[in-house]
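Colleague: Below is the sequence, then the predicted model.
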Amino acid sequence: MTDTLKIASWNINSVRFRMPIVERFLTEEAPDILCLQETKVIDADFPHAPIRALGYDHIIVNGQRMHHGVAILSKVPLVADDRFDWQANGEARHVGVRLANGVRLENVYVPAGGDVPDREVNPKFGQKLDFLERMTRWSEGLDVPTILVGDFNVAPLESDVWSHKQLLDVVSHTPIEVDTLGKLQAAHDWVDLGRHFIPPPERCFTWWSYRAKDWAASDRGRRLDHMWASPEVAKAATAHTVHEPCRSWLKPSDHVPIVTEFTF
DNA sequence: ATGGCTGGTAGAACCAGA
């Protein structure tokens, strides 16, 4: 028996403020599962009703007041949910579930890391590197087929940013972050599905700053959002797309959704 | 022209994002 599953990931930058575009995306793209980051809402105030109304009966949340927060919305049953604290400070940056076929789906919001790429003067940068290193330790011991999605806040490749040279000292594309993310990827032989389907040096961005007068014209984007899979799960992936038009929808997030289709 | 904006929250010439 074959089973197709369409899984999406989107940093939504406040799920309550973005409900119109969340509903539009769920209606038009109709993923089986949508992983959200930066929901910015406590669990009690999560907008369950309009999401359930679209057929997403299974909603797993890990939120907090004001910042961060993640959620998994699904049309298909989810079991055994988990919440990891990869920086041991109580921030809501992960929620994971097991799918009916046994595959784990882990949804993560990696810390942005502040402005200065130096942990001595900017503790947030150290926190980001430490978070990725804890994910690496977790990956080393991982023996379950897994899909790891979310806003990693790192654009690793030259073609993942609008200007490699101009971003070498900008947090998200510094060599130390790229190296740290590389070690995380190596720890489980994670397959980068985005680059599996859109190989470099093709331009691939998932985030564009709000500050550009015309985001599409300046096109100063970065690929911060990722979908990784265990090698055996990656073999089931059949398509991957980046939904750039969502950046032009009314009251957009600064990130756009990424979507992968699997046939198990 | 990589911060020029944005949301949440308080009620701020704030904080955080990246």
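Modeller: Nice, I can see it. Residues are numbered from 1 along each chain as shown, chains lettered A, B, ... in the order given.
Colleague: Around DNA strand B, which positions in chain A sit nearby?
Modeller: Neighbours of DNA strand B within chain A, by Cβ under 7 Å from any atom of the strand: A:11, A:13-14, A:16-17, A:38, A:40-41, A:65-67, A:111-115, A:124, A:151, A:153, A:161-162, A:167, A:170-172, A:207, A:209-213, A:218, A:220-222, A:224, A:251, A:254-255. Every residue, glycine included, has its C-beta placed from N, CA and C.
Colleague: Restricted to strands, list those residues.
Modeller: Per DSSP state E, strands hold the following members of these: A:11, A:151, A:207, A:221, A:222.
Colleague: who's in contact with the last one?
Modeller: When the contact criterion is Cβ atoms under 8 Å, 6 or more residues apart in numbering, the partners of residue A:222 are A:155, A:160, A:161, A:162, A:167, A:172, A:173, A:205, A:206, A:207.
Colleague: Which strands or helices does the helix ranked longest in chain A pack on?
Modeller: Determined from DSSP state H, the single longest helix within chain A is helix A:123-140. Using 3 or more Cβ pairs under 8 Å, 6 or more residues apart in numbering; DSSP states H and E as the contact test, the elements touching helix A:123-140 are helix A:175-186.
Colleague: buried set for the helix it packs on?
Modeller: For helix A:175-186, burial by neighbour count (16 or more other Cβ atoms under 10 Å) applies to A:177, A:178, A:180, A:181, A:184, A:185.
Colleague: Need the max-distance pair from those residues.
Modeller: The largest separation in the buried residues of helix A:175-186, counting by Cβ to Cβ, is between A:177 and A:185 at 12.5 Å.
Colleague: can you give me the helices in chain A?
Modeller: A:19-28, A:48-52, A:123-140, A:164-167, A:175-186, A:193-197, A:215-218, A:231-234.
Colleague: Can you report how many residues neighbour the residue in the stretch 151-264 of chain A positioned nearest to DNA strand B?
Modeller: The stretch 151-264 of chain A approaches DNA strand B most closely through residue A:220 (2.6 Å), counting by Cβ to the nearest atom of the strand. By other Cβ atoms under 10 Å, the residues close to residue A:220 number 17.
Colleague: Find the nearest non-adjacent residue to it, please.
Modeller: residue A:162 (4.3 Å; Cβ to Cβ, 6 or more residues apart in numbering).
Colleague: tell me the pLDDT at the one you found?
Modeller: At residue A:162, the model reports a pLDDT of 97.
Colleague: Quick check: it touching residue A:212?
Modeller: No. The pair residue A:162 / residue A:212 is not scored as a contact, 10.4 Å apart, by Cβ atoms under 8 Å.
Colleague: Name the residues contacting each of these two.
Modeller: Joint contacts of residue A:162 and residue A:212 (Cβ under 8 Å, 6+ apart) are residue A:220.
Colleague: Make a markdown table from the ones in strands among the residues of chain A next to DNA strand B and add pLDDT and distance to residue A:234 to it.
Modeller: Putting these into a markdown table (pLDDT from 0 to 100; distance: Cβ to Cβ, whole Å) gives the following:
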| residue | pLDDT | distance to residue A:234 |
| --- | --- | --- |
| A:11 | 98 | 22 |
| A:151 | 98 | 20 |
| A:207 | 98 | 23 |
| A:221 | 97 | 25 |
| A:222 | 98 | 23 |
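Colleague: in the sheet, who's paired with the most centrally placed residue in chain A?
Modeller: What sits nearest the mean C-alpha location of chain A, by Cα atoms, centre = their mean, is residue A:150, with 1.3 Å. Using DSSP bridges, the bridge partners assigned to residue A:150 are residue A:108, residue A:226.
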